[in-house]
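**Student:** here is a sequence together with a model predicted from it:
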Amino acid sequence: MRKLYIRTFGCQMNEYDSDRMADVLGADEALARTDRPEEADIILFNTCSVREKAQERVFHDLGRVRRLKAEKPGLIIGVGGCVASQEGEAIVRRAPYVDVVFGPQTLHRLPQLIARRRESGRPQVDVSFPEIEKFDALPQTGAESASAFVSIMEGCSKYCTYCVVPYTRGEEVSRPLDDVLAEIAHLAARGVKEVTLLGQNVNAWRGELARGGGETGDFAFLLECVHGVPGIERIRYTTSHPREMTSRLIDAYARLPKLVPQLHLPVQSGSDRVLAAMKRGYTVLEFKSIVRKLRAVRPDLSLTSDFIVGFPGETAADFDKTMALIDEIGFDGSFSFVYSARPGTPAAEFDDPVPQTVKLAWLARLQQRIDEQARAVSAAMVGTTQRILVEGVAKKNADELCGRTENNRVVNFPAPSVHRERLIGQFIDVTIAAALPHSLRGEIVMRES
């Protein structure tokens, strides 16, 4: 059997896309996934252009597999994702041993691109934006665990000044409601109990209720429909945008118990001046109002966020406002980065007088404070009973199992060997016994039955 190696960079959308690459290639020919590129017959790099280092790392890794091409002339090397969409033909010019270049919207054409490469002997590049075609062409997903990702939309229409996503993934395009529900029902029939809905701006979903019907629904309506799918017991989504946190969506947290009390809501900065320069479309007061309304209907809501530190023109006073917002809101985790200019974005042309050493010092302060808040949340969970979805054997101890709480904490716990297989994929109650830096320790709540 031929073997496939995929290296994934970036966000959960890319993780999802990598799995779909394997699905579409597996439907065309028998392939086994491998973690060793030297064993592979097809090597794919699914790239991210959000961070400068991630983009350069792709070319570094391409250079490392170049020798494999010399040793195995039939080896196919492909570059997909956002760097591919942004660079296109330039990738082949820089690395002429690359066989196929494809964007996020054309991954479903991989078998045809590879076939044309083999027939013609010339590299194939397709970074077009055929919108919904990808979802129509992909084979049905399998169900390897009780939790699954479901992509409900592509692209972004917000055009924040620092972000390349609208240029690499295109404008927002929503999948029709019936397509999304059919995929989720298919997964539920195969034992999936938790779904995470994915999109660059997932809560901006505005899909047709039926393909070609014209009538559309909003994201709150989609959540209501997913809530009603038999077998689905827990619903997550990422990544959301504050501008799309409508009153109907906030109300969904009061009405839909399967919707977890955990939300990733990127704020990026606590300074109105910086938010305006970023073109985020909301103020700090508006963000705090959204959080206040959410916690009014879900007092136990756990909130994580994104922060960009050292945006062009940011001052120490601006950064202090971000720290003040963190103290006021109480975040349970974050993805935080020093600003990195991306070619082709408006912010790349802004004056950036802040020294890198200052930016790194700010980032360290921010991350330390967020970590302190997250540790406090974990400590407060000790002694409580949590409902977790058991995902499998713990990474560091084969005699233990692990699962996730509603607020996305990993819990490791001992389980008698006679029960382990039966518990995987099930919801159980555990008592939290200890809070560790990156996980929790738990004990199964035993009941007579």
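**Tutor:** Received it, and whenever you're ready, just let me know what you need. This is a predicted model, so every value here is computed, not measured. Numbers count the residues shown, from 1 in each chain.

**Student:** the stretch 151-300 of the chain: helices as residue ranges?
**Tutor:** Here the stretch 151-300 of the chain has its helices, by DSSP state H, counting those that start in this stretch, at 165-168, 177-189, 219-227, 247-255, 272-278, 284-297.

**Student:** let's have these in TSV, adding distance to Arg117, mean pLDDT and mean neighbour count.
**Tutor:** The C-beta positions use only the backbone N, C-alpha and C, and glycine is treated the same way. Compiled in TSV, the helices of the stretch 151-300 of the chain are given as follows (distance: least, C-beta to C-beta, whole Å; pLDDT from 0 to 100; neighbours: other C-beta atoms under 10 Å):
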stretch	distance to Arg117	mean pLDDT	mean neighbour count
helix 165-168	23	89	22
helix 177-189	30	95	18
helix 219-227	38	98	21
helix 247-255	44	98	16
helix 272-278	40	98	19
helix 284-297	48	98	16
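
**Student:** take those and write them to a markdown table, including distance to Leu68.
**Tutor:** What follows is the helices of the stretch 151-300 of the chain, written out as a markdown table (distance: least, C-beta to C-beta, whole Å):
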| stretch | distance to Leu68 |
| --- | --- |
| helix 165-168 | 27 |
| helix 177-189 | 35 |
| helix 219-227 | 43 |
| helix 247-255 | 48 |
| helix 272-278 | 42 |
| helix 284-297 | 48 |
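
**Student:** quick one: closest of those to Ile6.
**Tutor:** Minimum separation from Ile6 across these (C-beta to C-beta) falls at helix 165-168, 18.6 Å.

**Student:** and the closest one, C-alpha only, in CSV?
**Tutor:** What follows is the C-alpha trace of helix 165-168 in CSV, where atoms were taken according to Å, rounded to 0.1, in the frame of the first residue of the first chain:
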residue,chain,number,x,y,z
VAL,A,165,-7.1,35.3,5.3
PRO,A,166,-9.5,37.2,3.0
TYR,A,167,-6.8,37.1,0.3
THR,A,168,-5.8,33.5,0.8
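
**Student:** and it, what does it pack against?
**Tutor:** With contacts taken as 3 or more C-beta pairs under 8 Å, 6 or more residues apart in numbering; DSSP states H and E, helix 165-168 sits against helix 81-87.

**Student:** of the helices of the stretch 151-300 of the chain, which is nearest Asn203?
**Tutor:** The minimum distance between Asn203 and the helices of the stretch 151-300 of the chain falls on helix 219-227, with 4.6 Å, by C-beta to C-beta.

**Student:** so what touches that closest one?
**Tutor:** With contact meaning C-beta atoms under 8 Å, 6 or more residues apart in numbering, helix 219-227 is reached by 152, 177, 180-181, 184, 195, 197, 202-207, 232, 235, 237, 244, 246, 248-249, 251-252, 255-256, 258-259.

**Student:** so how far is it from its chain's centroid?
**Tutor:** Taking the mean of its C-alpha atoms, helix 219-227 sits 20 Å from the chain's own mean (C-alpha atoms, centre = their mean, to the nearest Å).

**Student:** and if you look at stretch 237-247?
**Tutor:** Averaged C-alpha coordinates place stretch 237-247 at 14 Å from its chain's average position (C-alpha atoms, centre = their mean).

**Student:** just the buried residues of that stretch, please?
**Tutor:** For stretch 237-247, the neighbour count (16 or more other C-beta atoms under 10 Å) marks Tyr237, Thr238, Thr239, Ser240, His241, Pro242, Glu244, Met245 as buried.

**Student:** using PDB, write out the CA atom coordinates for that stretch.
**Tutor:** Written as PDB, here are the backbone C-alpha positions of stretch 237-247 (Å, rounded to 0.1, in the frame of the first residue of the first chain):
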ATOM      1  CA  TYR A 237     -17.500  26.300  17.600                       C
ATOM      2  CA  THR A 238     -14.500  28.300  16.600                       C
ATOM      3  CA  THR A 239     -13.400  30.900  15.600                       C
ATOM      4  CA  SER A 240     -15.900  33.600  16.300                       C
ATOM      5  CA  HIS A 241     -15.900  37.300  15.800                       C
ATOM      6  CA  PRO A 242     -17.300  39.900  18.300                       C
ATOM      7  CA  ARG A 243     -19.200  41.700  15.500                       C
ATOM      8  CA  GLU A 244     -21.200  38.500  14.900                       C
ATOM      9  CA  MET A 245     -22.200  37.900  18.500                       C
ATOM     10  CA  THR A 246     -25.900  38.800  17.900                       C
ATOM     11  CA  SER A 247     -28.600  38.900  20.500                       C
END
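
**Student:** ranges for the helices of the stretch 301-449 of the chain?
**Tutor:** When secondary structure is read from DSSP H, counting those that start in this stretch, the stretch 301-449 of the chain shows helices at 316-329, 356-381, 417-423.

**Student:** mind checking those for the one nearest to Tyr97?
**Tutor:** Taking C-beta to C-beta as the criterion, Tyr97 comes closest to helix 356-381 out of the helices of the stretch 301-449 of the chain, the separation being 34.2 Å.

**Student:** now distance to Leu301 too, for the buried residues of stretch 237-247, in a markdown table please.
**Tutor:** Putting the buried residues of stretch 237-247 into a markdown table (distance: C-beta to C-beta, whole Å) gives the following:
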| residue | distance to Leu301 |
| --- | --- |
| Tyr237 | 14 |
| Thr238 | 15 |
| Thr239 | 16 |
| Ser240 | 13 |
| His241 | 17 |
| Pro242 | 15 |
| Glu244 | 17 |
| Met245 | 12 |
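
**Student:** strands - which of the residues you listed land there?
**Tutor:** Cross-referencing the buried residues of stretch 237-247 with the strands (criterion: DSSP state E) gives Tyr237, Thr238 as the overlap.

**Student:** so among the buried residues of stretch 237-247, where is pLDDT lowest?
**Tutor:** Of all those, Thr239 carries the smallest pLDDT score, 92.

**Student:** returning to what we had before: among the helices of the stretch 151-300 of the chain, which is nearest Phe45?
**Tutor:** Taking C-beta to C-beta as the criterion, helix 165-168 is the member of the helices of the stretch 151-300 of the chain that comes nearest to Phe45, at 14.7 Å.

**Student:** show me what the closest one is in contact with.
**Tutor:** Residues outside helix 165-168 that contact it (C-beta under 8 Å, 6+ apart) are 49-50, 82-83, 85-86, 103-104, 155-159, 200, 344-345.

**Student:** one more time with 6 Å
**Tutor:** Outside of helix 165-168, the residues within contact range by C-beta atoms under 6 Å, 6 or more residues apart in numbering are Ser49, Cys82, Ser85, Gln86, Cys156, Tyr159, Gln200.

**Student:** just the buried ones from those residues, in PyMOL syntax?
**Tutor:** PyMOL command restricting these to the buried ones, with burial defined by 16+ other C-beta under 10 Å:
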select buried, resi 49+82+85+86+156+200
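
**Student:** got the contacts of helix 165-168 as a markdown table, with pLDDT and distance to Ala317 columns?
**Tutor:** Below are the contacts of helix 165-168 laid out as a markdown table (pLDDT from 0 to 100; distance: C-beta to C-beta, whole Å):
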| residue | pLDDT | distance to Ala317 |
| --- | --- | --- |
| Ser49 | 80 | 31 |
| Cys82 | 88 | 34 |
| Ser85 | 88 | 37 |
| Gln86 | 85 | 34 |
| Cys156 | 93 | 30 |
| Tyr159 | 96 | 27 |
| Gln200 | 91 | 31 |
